[in-house]
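A.B. asks: Just need the structure, nothing else, for what follows:
(one chain, ligands or ions: 1)
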Amino acid sequence: MISGPQNHHPLKTLSDMRRVLDVHGLQLSKSLGQNFLHDGNQLRRIIQAAELTSNDRILEIGPGLGPLTHELLQAGVAEVLAIEKDARLIPLLKDRFQSDERLNLQHADALEVVRSEARDWTGWKMVANLPYSVGSPIIVELSLTPTPPERLVITLQWEVIQRLLAQPDTDHYGILTLLLALSFEPGDWFKIPRDCFFPVPDVDSACVVLRRRPTPLVPREQAPLFRRLVKLAFSQRRKMMFKLLKQQWPVDRLTTAFAQADIALTQRAEKVTPAQFATLVASLSAPA
Ligand code: SAM
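C.D. replies: Model (predicted):
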């Protein structure tokens with residue numbers, strides 16, 4: 001790992017964190033998903049999973065008190081764009097990292113930023129302990145953008161990570177799996193024990209690496225159709241996919257598309273692979 005300036009203090013223990021919260025009289029907010037990570041080993045594992053280089057530009061959503069921000073800057077990355085929604089944390093973060101020009105701190109709702117800004121994320125990695133309430137929509141937005149980041153190293157609730165890792169014909173396989181598969185392939189993951197967070201959350205968490213595919217699952221212009229089709233296909237899991245899709249596509253076009261994708265007309269969506277969905281969408285995108 002590369003090294004960088006050491007002008008801000010780490011925040012790796014529960015007592016460090018409690019002290020900072022007490023000094024500033026901060027009550028953590030459940031609705032903002034404020035379960036802060038205070039375990040040095042887990043922070044190190046997250047940083048290792050990011051495989052950082054000195055050229056890396058990092059998007060960090062929800063820096064909180066900045067434990068991960070500190071490690072990222074310490075690792076010598078080129079830039080950290082940290083977006084935090086809680087106004088109370090902005091002065092703390094400014095104070096903590098003010099001397100580091102590589103940090104671009106924005107007070108904003110990260111979901112609005114990724115939705116509204118047509119930014120080219122190609123040279124970026126996202127490394128974040130995400131706010132759990134908006135974690136899924138944020139990563140879906142990044143997967144749907146024409147120029148997604150090269151890697152996401154994200155901590156989320158285990159239930160969501162299972163959906164990102166899911167194989168066809170399993171309970172967790174569904175819309176989220178497929179929308180992320182548009183741009184990313186899941187790699188290594190590890191669980192993070194609940195007591196590494198303060199306050200201790202009521203759900204399990206894990207960190208996963210998602211790498212950008214060398215080529216997207218479907219051409220970018222077909223992504224909106226892919227999204228529409230997958231949402232309809234999974235709108236009633238127990239129903240045959242053909243019957244659901246018939247609501248929006250003509251039967252003869254669907255029959256041809258199912259044959260091209262080698263999908264039985266009686267199949268449920270949960271058994272259809274990402275590659276089969278891609279073939280279906282290609283077929284339905286072709287001129288009639
Ligand atoms: N990175 C810190 C850590 O690891 O200890 C904090 C992680 S905490 C799980 C999630 C953070 O996201 C909180 O600081 C919270 O205020 C912030 N947050 C919540 N919703 C947000 C949003 N829509 N946009 C940006 N930040 C948000």
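A.B. asks: if I look at the residue in the chain positioned nearest to the ligand, how far off is residue 95?
C.D. replies: Relative to the ligand, the nearest point of the chain is residue 62 (2.1 Å; C-beta to the nearest ligand atom). C-beta coordinates here come from the backbone N, C-alpha and C atoms, glycine included. Remark: distance between residue 62 and residue 95 (C-beta to C-beta, to the nearest Å) = 18 Å.
A.B. asks: Give me the more crowded residue out of these two.
C.D. replies: Taking other C-beta atoms under 10 Å, residue 62 and residue 95 do not tie; residue 62 has more neighbours (24 against 10).
A.B. asks: Ignoring the adjacent residues along the chain, who's closest to the more buried one?
C.D. replies: Spatial nearest neighbour of residue 62, excluding adjacent residues (C-beta to C-beta, 6 or more residues apart in numbering): residue 131 at 4.9 Å.
A.B. asks: That neighbour is in contact with residue 33, isn't it?
C.D. replies: Yes - judged on C-beta atoms under 8 Å, residue 131 makes contact with residue 33 at a distance of 3.5 Å.
A.B. asks: what residues are shared contacts of these two?
C.D. replies: residue 62 (C-beta atoms under 8 Å, 6 or more residues apart in numbering).
A.B. asks: Name the residues of the protein found near the ligand, please.
C.D. replies: Contacts of the chain with the ligand, taken as C-beta under 6 Å from any ligand atom, map to 32-37, 61-64, 67-68, 83-86, 109-111, 129, 131, 134.
A.B. asks: now residue 154, what's its secondary structure?
C.D. replies: strand (DSSP: H, G, I helix; E, B strand; the rest coil).
A.B. asks: ok, what's across the strand from it?
C.D. replies: residue 128, residue 208 (DSSP bridges).
A.B. asks: ok, so what distance separates it from residue 236?
C.D. replies: 29 Å.
A.B. asks: same deal with residue 249?
C.D. replies: Distance from residue 249 to residue 236, by C-beta to C-beta: 16 Å.
A.B. asks: and the helix or strand harbouring residue 69, how far out from the chain's middle?
C.D. replies: Of the helices and strands defined by DSSP states H and E, residue 69 is found in helix 67-74. Taking the mean of its C-alpha atoms, helix 67-74 sits 19 Å from the chain's own mean (C-alpha atoms, centre = their mean, to the nearest Å).
A.B. asks: downstream neighbour of it in the secondary structure list?
C.D. replies: strand 79-84.
A.B. asks: That next one vs helix 67-74, what angle?
C.D. replies: Going by axes from the mean of the first three to the mean of the last three C-alpha atoms, to 10 degrees, strand 79-84 is angled at 170 degrees with respect to helix 67-74.
A.B. asks: Can you pull out the residues in contact with the next helix or strand after strand 79-84?
C.D. replies: Sequence order places helix 89-97 as the next helix or strand after strand 79-84, per DSSP H and E. Contact partners of helix 89-97, identified using C-beta under 8 Å, 6+ apart, comprise 8-9, 20, 24, 26, 63-66, 69-70, 73, 82, 84, 103, 105, 107.
A.B. asks: and with 6 Å instead?
C.D. replies: 8, 63, 66, 103, 105, 107 (C-beta atoms under 6 Å, 6 or more residues apart in numbering).
A.B. asks: Then stretch 234-244?
C.D. replies: By C-beta under 6 Å, 6+ apart, the surrounding residues in contact with stretch 234-244 are 174, 175, 232, 233, 265, 266, 267, 269.
A.B. asks: quick one, helices of the chain?
C.D. replies: 14-23, 40-50, 67-74, 89-97, 110-116, 135-144, 158-165, 175-181, 223-233, 241-245, 251-260, 274-285 (DSSP state H).
A.B. asks: residues in contact with the third one?
C.D. replies: Residues lying outside helix 67-74 but in contact with it, judged by C-beta under 6 Å, 6+ apart, are 4, 8, 10-11, 37, 43, 47, 58, 60, 63, 80, 82, 100.
A.B. asks: Mind putting those into a markdown table with pLDDT?
C.D. replies: As requested, those are exported to a markdown table (pLDDT from 0 to 100):
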| residue | pLDDT |
| --- | --- |
| 4 | 44 |
| 8 | 63 |
| 10 | 71 |
| 11 | 74 |
| 37 | 95 |
| 43 | 96 |
| 47 | 98 |
| 58 | 98 |
| 60 | 98 |
| 63 | 98 |
| 80 | 98 |
| 82 | 98 |
| 100 | 96 |
